[in-house]
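> Fold the following and give me the result.
(chains A and B)
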Amino acid sequence: GENVEQHPSTLSVQEGDSAVIKCTYSDSASNYFPWYKQELGKRPQLIIDIRSNVGEKKDQRIAVTLNKTAKHFSLHITETQPEDSAVYFCAAIQNTGFQKLVFGTGTRLLVSP
Amino acid sequence: EPEVTQTPSHQVTQMGQEVILRCVPISNHLYFYWYRQILGQKVEFLVSFYNNEISEKSEIFDDQFSVERPDGSNFTLKIRSTKLEDSAMYFCASNLPGEIGTALKFSYEQYFGPGTRLTVT
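Below you'll find the model as predicted:
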C-alpha cells in the first residue's frame, strides 16, 4: 500500500523566513496530495492541495510543488508568521476510487518572533 | 459554511466497555470516513463508508469496530470492547468528490470534524 514519508519532523524558523517541508510517496498511482495544518487539540485543516496533473500551485504565502517522476512533493511557506506555528501533515490519496488519505508523520513548525 | 460535527468531544471509558462515537457529516456529502490519531502521532485511516456499506478498512479496524449510518444524518463508530491502546483522538470526515460549483473545480477535499478524544482507563 501507499507509504508517505515526511521531513523534517521539527522545523524552527524566525519570523519572516521561509519554511520548506518535504514528502515522498510510494504509490505512483496516487493522484491527489493535500496538506493539512493542525493546531494543538484541533482538527486537521486543509491549507492547499495539488493534483497529479499540475506541477505547482500557489495560494498567497503558501505553495506546493509536485515531482511525479521522483514521487515527492513539498510545501513552501514564505514570510512566516508566529500564527503559522502548528503541525503540518502531508497526505496522498491511493488511487482506489474511495479516497483513503494516507498521512505523513507530521512536521512541527515553530515560528519565533 | 457547513461543518462536520462530532459528539462527544471527550469520552472516558473503562477497559472492556463499549463506546459509540457520533458524527454528523455535511449534508450533501456521500463518502464518510473515520480516522484516529494517537497523541503525538500521525493521523491514521480506519474506514471509509459509501452507499450504506464499508468501502475500505484498515488493519486497525478489526472485529471490535463497526460503523453505521442509522439515519440520514448520523454516522457512528462503535468499539465493542475497548482496550487501553484505543485511547486516541477519533476524527470523522466526509466529502463529495467531483466537480463543484459553477467553477467546475474538481475537489477531493475531505472535511474533518473536531474530533472525539477517547480515553480508556
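
> End to end on stretch A:47-55, go ahead and measure it.
17 Å (CA to CA, to the nearest Å).

> Which of the residues in that stretch are classified as buried?
A:47-50, A:52 (16 or more other CB atoms under 10 Å in any protein chain shown). Every C-beta, even on glycine, is put in place using the N, C-alpha and C of the backbone.

> which residues sit against stretch B:52-61?
Here stretch B:52-61 makes contact (CB atoms under 8 Å, 6 or more residues apart in numbering or on different chains) with A:96, A:98, A:100, B:31, B:36, B:44-49, B:67, B:69.

> what comes up buried for it?
B:55-58, B:60-61.

> Quick one: distance of stretch B:87-98 to the chain centre.
In terms of CA atoms, centre = their mean, to the nearest Å, the centre of stretch B:87-98 is set 5 Å apart from its chain centre.

> Which residues does that stretch contact?
A:43-44, A:99, B:4, B:6, B:21, B:23, B:25-26, B:28-39, B:43, B:46, B:75, B:77, B:106-113, B:115-120.

> now those residues: which count as buried?
By 16+ other CB under 10 Å, those give A:43-44, A:99, B:4, B:6, B:21, B:23, B:25-26, B:29, B:31-37, B:43, B:46, B:75, B:77, B:107-108, B:110-113, B:115-118, B:120 as buried.

> Look at A:E2 and report its pLDDT.
The score at A:E2 is 85. That number is its pLDDT.

> doesn't A:S28 make contact with it?
No: assessed by CB atoms under 8 Å, A:E2 is found out of contact with A:S28, at 10.0 Å.

> in chain A, which spans are strands?
A:4-7, A:10-14, A:19-25, A:32-38, A:45-51, A:56-59, A:62-67, A:72-77, A:86-93, A:101-103, A:107-112 (DSSP state E).

> Kindly reformat those as JSON lines containing distance to chain B.
Output for the strands of chain A, formatted as JSON lines (distance: least, CB to the nearest CB, whole Å):
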{"stretch": "strand A:4-7", "distance to chain B": "8"}
{"stretch": "strand A:10-14", "distance to chain B": "12"}
{"stretch": "strand A:19-25", "distance to chain B": "12"}
{"stretch": "strand A:32-38", "distance to chain B": "5"}
{"stretch": "strand A:45-51", "distance to chain B": "6"}
{"stretch": "strand A:56-59", "distance to chain B": "12"}
{"stretch": "strand A:62-67", "distance to chain B": "14"}
{"stretch": "strand A:72-77", "distance to chain B": "15"}
{"stretch": "strand A:86-93", "distance to chain B": "6"}
{"stretch": "strand A:101-103", "distance to chain B": "5"}
{"stretch": "strand A:107-112", "distance to chain B": "10"}
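
> The ones you listed: which one's closest to B:S81?
strand A:101-103 (27.1 Å; CB to CB).

> What segments of chain B are strands?
According to DSSP E, the strands that chain B contains are B:5-7, B:10-13, B:19-24, B:31-37, B:44-50, B:53-57, B:65-68, B:75-79, B:88-95, B:98-100, B:105-107, B:111-112, B:116-120.
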